[in-house]
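**Q** output the structure for:
(chains A and B)
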Amino acid sequence: MSMPFYVAPEQMMKDRADYARKGIARGRALIGAVYETGILLCAENPSRSLHKVSEIYDRIAFAGVGKYNEFDQLRVAGIRHADTKGFAYARDDVDARSLANLYAQYLGQVFTHEVKPLEVEILVAELGTAGKEAQLFHILYDGTVVDEQKFAVIGGDSDTIAERFEGSYREVRGLQETLQACVAALGGEDYPLVYQDLEVAVLEESGERRTFRRIVSGELQSLLGEVD
Amino acid sequence: MALPLFDVVRDPGPDFVGLLGLLDESGTRGGQPQGASSPVGGVPHGTTIAAARFRDGVVIAGDRRATEGNIIANRTIEKVFPADRFSAVAIAGAAGPAIEMVRLFQVQLEHYEKVEGSVLSLEGKANQLAQMIRGNLGMAMQGLAVVPLFAGWDLHRSQGRIFTYDIAGGKYEEEAFAATGSGGRDARATLRLGFRPGMSRDDMVRLVTKALFEAAQEDSATGGPDLLRGIFPVIGVIDESGYQRVADEELIELARELETELTTRRHPE
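**A** Purely as a prediction, here's the structure:
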């Protein structure tokens, strides 16, 4: 019987983390930011049909970067979890925290036990209510959960973008200013983004049960201050 | 609870009912009631519902009474529910299973929309409801039949459409109007006499209110407008801007009109 080569656990984890990080860094970044009346999710995504940002439930949105098929599978699982929970109990019982925990458990499980870790980083955002603040859960490829208060940047070159964004970010302000700050931070000085490069959605109170809304073409252009 | 992930062959896709089936199988969710083994009596039943097309869409309505045999079980039950932005279901029959079916139907439509990123066609929604009614056939045979009406705005054809069902899940499209439940016959007669193609929204709301009123005159299980208690039928209007419930203020006016009509019938000038 042949003996398998011994690989130190530290080395194995490091290799996997490097692999996942490389995959994620190849993709474009995304910012989730809390503003005056809601949460903005702004991604650099030239595709109109392959979404990075989507609706999970009445007050919960999902955003993912990295390998599309992998985070899309997580998105669908999230919708399934939320809809079954809301159906079995009540709509108010569906919350982002328990969903974030499930994602974290699954990503952690895959990271340590499967051949290949998932090359994704995801964000679960929940709109606040009168007694509860807005929440942003940032979940990494290895199952690490970070609970962000104001904003989160995920995906390629996120550190640089976060630095740029932090400088211009103040919490209490409107959608337009927050969006413009996001776009400036995502692009940087030498790589200005236009509306065709962006996928934008918000969680915002509108009197309806479902608070998720995509901001597209005309509305997006006018918010960005671009004129036809 | 674990994250509901499935391998490619077993994946239920955008089907919420299929998903519930899979979760039941794996024991992660409580089982569904299997249905009683003997005929069930004394369950609240919803009564009269109606729908009619007008120029810019469709009106769907239901009275507010539920009965258990000769007893009024509930005076304020609602039988008209928006299924999503552009469609609504009205229910007649055993109230419990019917309301549960509507809840499931609502989630099914929203689930599809979120998973697929696009909305089902009106025909697709109507077929989904037919499948759910067929799934209830066992219960229907034990006396817990659910007979809904489905109406909505067809975004592809830009028109309002109405679908009726039988207890076995047969689906039939109606050209002009439909009414079902214990007072359905009387409501249908009123609609037949008053219906004109291309009526305005206000005229159609008035006609449908009258149809429910006439049904309540003849059928003891149907509740009429109740000015004393402030109970009015639920009437929804669906047009190109979506579902909207008619406000009680408008229905009070219509109820007063009917009252005046009755009074003049008794005391002609």
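**Q** center of chain B, which residue is that?
**A** B:A90 (0.7 Å; CA atoms, centre = their mean).
**Q** what about that residue, which SS state?
**A** Classification of B:A90 using DSSP: H, G, I helix; E, B strand; the rest coil returns strand.
**Q** what sits against it?
**A** B:I49, B:A50, B:A51, B:I60, B:A61, B:G62, B:K79, B:V80, B:F81, B:P148, B:L149, B:A151 (CB atoms under 8 Å, 6 or more residues apart in numbering or on different chains). In short, each C-beta sits where N, CA and C put it, glycine included.
**Q** closest to chain A among those?
**A** B:F81 (13.1 Å; CB to the nearest CB).
**Q** ok, how many other residues are close to that closest one?
**A** 22 (other CB atoms under 10 Å in any protein chain shown).
**Q** and for the one 5 residues further on?
**A** The local packing count at B:F86 equals 23, with neighbours defined by other CB under 10 Å.
**Q** counting only strands, which of the contacts of B:A90 make the cut?
**A** B:I49, B:A50, B:A51, B:I60, B:A61, B:G62, B:V80, B:F81, B:P148, B:L149, B:A151 (DSSP state E).
**Q** show me the two of those residues that sit farthest apart.
**A** B:A50 and B:F81 (14.9 Å; CB to CB).
**Q** select the longest helix from chain A.
**A** If you go by DSSP state H, chain A has its longest helix at helix A:68-88.
**Q** what about the helix or strand hosting B:H111, near chain A?
**A** Taking DSSP states H and E as the definition, one finds B:H111 inside helix B:95-116. Yes: legend: contact between helix B:95-116 and chain A by CB under 8 Å from any CB of the partner chain is shown at B:R103, B:L104, B:V107, B:E110, B:H111, B:K114, B:V115.
**Q** I'd like these as a markdown table, with pLDDT appended.
**A** As requested, the residues of helix B:95-116 next to chain A are exported to a markdown table (pLDDT from 0 to 100):
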| residue | pLDDT |
| --- | --- |
| B:R103 | 96 |
| B:L104 | 96 |
| B:V107 | 97 |
| B:E110 | 97 |
| B:H111 | 97 |
| B:K114 | 97 |
| B:V115 | 96 |
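**Q** so which of those residues is the closest to A:F111?
**A** Nearest member of the residues of helix B:95-116 next to chain A to A:F111, counting by CB to CB, is B:V115, at 25.7 Å.
**Q** the following helix or strand past the helix holding B:H111 vs helix B:95-116, what angle?
**A** Where DSSP H and E defines the elements, the next helix or strand beyond helix B:95-116 is helix B:122-135. Between helix B:122-135 and helix B:95-116, the angle comes out at 140 degrees (axes from the mean of the first three to the mean of the last three CA atoms, to 10 degrees).
**Q** can you name the element that comes right after helix B:122-135?
**A** Next along the chain after helix B:122-135, with elements defined by DSSP H and E, is helix B:137-141.
**Q** got the buried residues for that next one?
**A** B:M139, B:A140 (16 or more other CB atoms under 10 Å in any protein chain shown).
**Q** pLDDT of that helix, averaged?
**A** For helix B:137-141, the mean per-residue pLDDT is 88.
**Q** cool, stretch B:12-31 as well?
**A** 78.
**Q** mind saving the C-alpha coords of stretch B:102-111 as PDB?
**A** Coordinates of each C-alpha in stretch B:102-111 appear next as PDB, following Å, rounded to 0.1, in the frame of the first residue of the first chain:
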ATOM      1  CA  VAL B 102     -54.000  30.800  -1.700                       C
ATOM      2  CA  ARG B 103     -51.100  31.300   0.700                       C
ATOM      3  CA  LEU B 104     -49.200  28.500  -1.100                       C
ATOM      4  CA  PHE B 105     -50.200  30.000  -4.500                       C
ATOM      5  CA  GLN B 106     -48.900  33.400  -3.500                       C
ATOM      6  CA  VAL B 107     -45.600  32.000  -2.400                       C
ATOM      7  CA  GLN B 108     -45.400  29.800  -5.500                       C
ATOM      8  CA  LEU B 109     -45.700  32.800  -7.800                       C
ATOM      9  CA  GLU B 110     -43.300  35.000  -5.900                       C
ATOM     10  CA  HIS B 111     -40.800  32.100  -5.600                       C
END
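**Q** how about the residues of the stretch 1-150 of chain B near chain A?
**A** Counting by CB under 8 Å from any CB, the residues of the stretch 1-150 of chain B that sit close to chain A are B:1-5, B:16, B:19-20, B:23, B:29-30, B:103-104, B:107, B:110-111, B:114-115, B:117.
**Q** out of those, which are buried?
**A** By 16+ other CB under 10 Å, those give B:3-4, B:16, B:19-20, B:23, B:29, B:104, B:107, B:110-111, B:114-115 as buried.
**Q** need the max-distance pair from those.
**A** B:L3 and B:L104 (22.0 Å).
**Q** where does chain A dip in pLDDT?
**A** Scanning chain A for pLDDT under 70 picks out the ranges A:1, A:171-172, A:227-228.
**Q** all strands for it, in order.
**A** Counting by DSSP E, the strands of chain A are A:30-35, A:38-44, A:53-57, A:60-66, A:120-126, A:135-139, A:145-148, A:151-154, A:198-204, A:212-215.
**Q** adjacent strands (with direction) for the fifth one?
**A** When pairs are called by DSSP bridges, strand A:120-126 turns out to pair with strand A:60-66 (antiparallel), strand A:135-139 (antiparallel).
**Q** next, the angle from the shortest one to helix A:68-88.
**A** Here the directions of strand A:135-139 and helix A:68-88 differ by 140 degrees (the same axes, to 10 degrees).
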